[in-house]
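Participant: missing the sequence, but the structure's below:
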């Protein structure tokens, strides 16, 4: 139990991560099962809560598309059934008032990822540059239609110049 609680002190973990950590510490299989069950009773080993935490962390620091987010959760050992159960919460989470700046929909997440990538620069007009930006978004788990919508709705250099006003 001591090994597991120290492991959980850094950040929330999935049940699979806890089991794997205890196995690396050469803990008996029966002790691993009982420890993880006790942690689950106490609310420290909850895969659904871990999935919600992971999705919020991604939205806040490095927005990802639903496909990539689900792949990351599977790599962290979250069972497919749990991912499917929290999918609706991940797609359109209910945010607390202090979290309103977080993107909620797939389109908002893609737009946020694009804005972070461009860092205030306008969207290039060059079709090849737009294609590279589209591939950037698709590598982050956004589907093609979401990528096209976000790239099409992002202002190009002419819109940024018009918003700044005429240059005298």
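Facilitator: Yep, it's here. Just so it is clear, the structure is predicted and the values come from calculations on it, not from any experiment.

Participant: what's near enough to touch the nearest residue to residue 76 once chain neighbours are set aside?
Facilitator: Leaving out its chain neighbours, the residue that sits closest to residue 76 by C-beta to C-beta, 6 or more residues apart in numbering is residue 14, at 5.0 Å. (C-beta placed from N, C-alpha, C; glycine too.) By C-beta atoms under 8 Å, 6 or more residues apart in numbering, the residues touching residue 14 are 45, 47, 50, 76, 77, 78.

Participant: Just to check, the fourth one is in contact with residue 16?
Facilitator: Yep, that's residue 76 we're talking about. Yes - using C-beta atoms under 8 Å, residue 76 is in contact with residue 16, at 7.1 Å.

Participant: do you know how far residue 19 is from residue 72?
Facilitator: 18 Å (C-beta to C-beta, to the nearest Å).

Participant: neighbour-wise, which of the two wins?
Facilitator: Between residue 19 and residue 72, counted using other C-beta atoms under 10 Å, residue 19 has the larger neighbour count: 20 against 16.

Participant: residues contacting the more buried one?
Facilitator: Contact analysis of residue 19 by C-beta under 8 Å, 6+ apart lists 32, 36, 77.

Participant: For residue 19, see how far away the second one is.
Facilitator: Read that as residue 36. 6 Å.
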